[in-house]
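A.B. asks: Quick one: sequence plus predicted model below, questions after.
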Amino acid sequence: MTPDITTAQIRKIWITAREKGISSELLHSMIFEITKKESVKELNIKEAGKVIERICGKRRARKRCEPSGYIAKMSHDQLKQISNMIVTIERLGKTYTIEAIADKVAQKKPDQLTRVDAVKVATACKEIINRLKKQNQSTHPL
């Protein structure tokens, strides 16, 4: 049996959660999701390490029961990245919407995009940006 959690680990969990802007309620739900335990004090050293890694955002292997990228919905970070690229496209002089690009590339609405579809949309946005930059360079010599 592994030893109980140390006070230093408890502090690390709470401080890291506070730095990342994670509320107490969300932290407890993360703890339950990872360890199936209700409280920070119920954790052992190994479980505390897993919680700290998750809070810090360390990459982890996908478990068999988790959906793959073909099923999982587009992440918030992916949406933010695509939105930023669309703003860049608008600055370069063209008007595109996420709806139009998602429909053209993945034949889906933006709220139905999976992680894999989001990668395809992001790639299409990058190609549009590169094409517009080349066009602008040829029309605006230095």
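C.D. replies: Here it is on my side, so go on. Numbers count the residues shown, from 1 in each chain.
A.B. asks: Low-confidence regions, this structure specifically.
C.D. replies: Residues of the chain that meet the criterion pLDDT under 70 lie in 1, 58-70, 139-142.
A.B. asks: Which residue ranges of it form helices?
C.D. replies: Assigned by DSSP state H, the chain shows helices spanning 7-20, 24-35, 45-56, 76-91, 98-106, 115-139.
A.B. asks: Using a markdown table, lay out those together with mean neighbour count.
C.D. replies: From N, CA and C alone the C-beta is placed, and that goes for glycine too. Formatted as a markdown table, the helices of the chain follow (neighbours: other Cβ atoms under 10 Å):
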| stretch | mean neighbour count |
| --- | --- |
| helix 7-20 | 14 |
| helix 24-35 | 14 |
| helix 45-56 | 16 |
| helix 76-91 | 15 |
| helix 98-106 | 16 |
| helix 115-139 | 15 |
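A.B. asks: Phi, psi for Lys108 please.
C.D. replies: Torsion angles at Lys108 (phi, psi; degrees, to the nearest 10) stand at phi -140, psi 160.
A.B. asks: residue contacts, it?
C.D. replies: Applying Cβ atoms under 8 Å, 6 or more residues apart in numbering to Lys108 gives the contacts 102, 117.
A.B. asks: separation between it and Ala118?
C.D. replies: 10 Å (Cβ to Cβ, to the nearest Å).
A.B. asks: For stretch 16-34, give me every contacting residue.
C.D. replies: Residues contacting stretch 16-34 (Cβ under 8 Å, 6+ apart): 13-14, 37-40, 43, 47, 50-52, 54-57.
A.B. asks: what about it, start to end distance?
C.D. replies: For stretch 16-34, the first and last residues are 16 Å from each other (Cα to Cα, to the nearest Å).
A.B. asks: Stretch 33-47 too?
C.D. replies: Using Cα to Cα, the two ends of stretch 33-47 sit 11 Å apart.
A.B. asks: got it, and stretch 31-46?
C.D. replies: Chord length of stretch 31-46, first to last residue, is 13 Å (Cα to Cα).
A.B. asks: how is the chain carved up into domains?
C.D. replies: As given by automatic domain parsing, the domain ranges for the chain are 7-56, 76-139.
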